[in-house]
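Participant: Got a sequence here, can you build the structure:
(chains A, B, C and D)
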2 protein chains.
Amino acid sequence: MLMSKPVQQRTLRTRAKLLDVAETLVREAGYEALRVEEVVARAGVAKGTFFAHFRDKDALMEILIGQELDALLTQAGALPAPADIAGICARLLPVHGFMTCERYVFDLILRYSGAAAVTEIGPIAMSFDRYATLVTGWMPAGDYRRDVDDTLLAEGVQAFAVQSMGLQFCALHQAQSFQDRFETYLAAWLTPAV
Amino acid sequence: MLMSKPVQQRTLRTRAKLLDVAETLVREAGYEALRVEEVVARAGVAKGTFFAHFRDKDALMEILIGQELDALLTQAGALPAPADIAGICARLLPVHGFMTCERYVFDLILRYSGAAAVTEIGPIAMSFDRYATLVTGWMPAGDYRRDVDDTLLAEGVQAFAVQSMGLQFCALHQAQSFQDRFETYLAAWLTPAV
DNA sequence: TATATAAAATGACCACGGTCAATAAAAAAA
DNA sequence: TTTTTTTATTGACCGTGGTCATTTTATATA
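Facilitator: Numbers count the residues shown, from 1 in each chain, chains lettered A, B, ... in the order given. As a prediction, the model looks like this:
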């Protein structure tokens, strides 16, 4: 059984303040430019306090990015399932757009998309799971292959999304746009014509 | 036209020494543990010298990892094309094994797998290209789908390899081994049975 | 209310990647 | 050879993430 140790009001206020400042700074200059020193300066606390609230800088980043992803996934899941591949691409566009808004963000998402340990599944790993679940739920709504199960199909969609996003940052492959590439992959993956 | 500016012997010696020391240190304690300060200390040069030879620490890392990948890809390409999916998995095993030998290595490879700019295609991006080309060449040798072209198939193989490797680091998905997962993906990708 | 105990905050300090004006060494020109 | 110019090296210094013994504040106890 877990004992919920008492949490002081002070703790909640400090943490909220830190998150609030961090969000503001990100809005002002993006994720990559965020500096822990500036967060604590604006929040009016000592640097050590920051690390008493967050394991490291990435942990804060994970929270900020995770909640953004979460909001976008909620939006994507709010409407009825898209009926075809173009619909899937369109529906996921905001999610992918955010994931690639900054090189830094994309790298961080990739790095934390897998949970490091069962006991500490971070916000980004959670979002990745939600992504897969969401897409799995869309599979029955379209005219796609039925020879493999929907979970596997969804994992494939995710893999191709990552591939497409990665190539978007690659100067060698910028002839094709992200949407085109993603749609081509999905057509081959979801509707093979053998 | 390019002018090949004269290079002093000294330069080559210093650079070789730095690379040599770095390789030794990696062999001793792995990639993640490598410290620039230790490289320069053992090489007997100043820290600034290091950065006169390599843009940053990652650039050195790219060289070290890139040449390893290159060697492994050469090996994988030396034999005749594998005839089936199990053969492909087996043949790529050493490559994937190296890519996942350290979390740090995997992350770095992902980060540099796309060339940042056309003019500076790093060793890792080169290796990724070689990987795709190699696999493309294997496609005609097996009984796989023919409805999409081999380049696309190879890109898919790569995407699924990355997906499988990523999940290997994820505590949530460690029930299935990398090889099993990869083979499942490839079966669904290369031999759809609609 | 005074005292003991636990939780939170502090800031000096460290590790380590990276910079740059100054210097030394090599190559080219006189 | 001596002088000039180019190239390579140096190491003090900086930015920034992260640590930890100490101090402050809040809560429980007498």
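
Participant: excluding its backbone neighbours, what's nearest the most centrally placed residue in chain A?
Facilitator: Compute the mean C-alpha point of chain A, and by CA atoms, centre = their mean the closest residue is A:Leu69, 4.5 Å away. Counting by CB to CB, 6 or more residues apart in numbering or on different chains, A:Leu69 lies nearest to A:Ser127, which is 4.1 Å off, once chain neighbours are set aside. Bear in mind the C-beta positions are built from the backbone N, C-alpha and C, glycine included.

Participant: So which residues of chain A form helices?
Facilitator: Applying DSSP state H to chain A gives helices spanning A:9-29, A:36-43, A:47-53, A:57-78, A:85-99, A:103-112, A:123-138, A:150-168, A:178-190.

Participant: for the ones you listed, which one sits closest to B:Asp58?
Facilitator: With CB to CB as the measure, helix A:103-112 is the member of those nearest B:Asp58 (11.8 Å).

Participant: my read: A:Leu73 touches A:Arg130, true?
Facilitator: Yes. Assessed by CB atoms under 8 Å, A:Leu73 is found in contact with A:Arg130 at 5.1 Å.

Participant: Comparing the two, which shows the higher neighbour count?
Facilitator: Higher neighbour count among A:Leu73 and A:Arg130: A:Leu73, with 20 against 16, using other CB atoms under 10 Å in any protein chain shown.

Participant: Quick one: the helices of chain A as JSON lines, columns for mean pLDDT and distance to B:Gln168 too.
Facilitator: Listed next are the helices of chain A as JSON lines, based on pLDDT from 0 to 100; distance: least, CB to CB, whole Å:
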{"stretch": "helix A:9-29", "mean pLDDT": "96", "distance to B:Gln168": "31"}
{"stretch": "helix A:36-43", "mean pLDDT": "98", "distance to B:Gln168": "31"}
{"stretch": "helix A:47-53", "mean pLDDT": "98", "distance to B:Gln168": "30"}
{"stretch": "helix A:57-78", "mean pLDDT": "98", "distance to B:Gln168": "20"}
{"stretch": "helix A:85-99", "mean pLDDT": "98", "distance to B:Gln168": "21"}
{"stretch": "helix A:103-112", "mean pLDDT": "96", "distance to B:Gln168": "14"}
{"stretch": "helix A:123-138", "mean pLDDT": "96", "distance to B:Gln168": "14"}
{"stretch": "helix A:150-168", "mean pLDDT": "96", "distance to B:Gln168": "14"}
{"stretch": "helix A:178-190", "mean pLDDT": "96", "distance to B:Gln168": "21"}
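
Participant: Format the ones you listed as a markdown table; extra columns: distance to B:Arg103.
Facilitator: Output for these, formatted as a markdown table (distance: least, CB to CB, whole Å):
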| stretch | distance to B:Arg103 |
| --- | --- |
| helix A:9-29 | 26 |
| helix A:36-43 | 23 |
| helix A:47-53 | 22 |
| helix A:57-78 | 13 |
| helix A:85-99 | 21 |
| helix A:103-112 | 9 |
| helix A:123-138 | 14 |
| helix A:150-168 | 17 |
| helix A:178-190 | 27 |
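
Participant: Quick check: can you list the domain ranges of chain A?
Facilitator: Following automatic domain parsing, one finds the domains of chain A at A:7-54, A:56-190.

Participant: out of those domains, which comes closest to DNA strand C?
Facilitator: domain A:7-54 (1.7 Å; CB to the nearest atom of the strand).

Participant: Does chain B have contacts with the closest one?
Facilitator: No. If you take CB under 8 Å from any CB of the partner chain as the test, domain A:7-54 misses chain B, and the best it gets is 13.5 Å.

Participant: interface residues of chain A facing chain B?
Facilitator: A:107, A:110-111, A:113-118, A:121, A:125, A:129, A:145-148, A:152, A:155-156, A:158-160, A:162-163, A:166-167, A:169-173, A:184-185, A:188-189, A:192-194.

Participant: What residues does the closest residue in space to A:Lys57 that isn't next to it in sequence make contact with?
Facilitator: Spatial nearest neighbour of A:Lys57, chain neighbours left out: A:Val36 (5.4 Å); criterion: CB to CB, 6+ apart. By CB atoms under 8 Å, 6 or more residues apart in numbering or on different chains, A:Val36 lies in contact with A:47, A:50, A:57, A:60.
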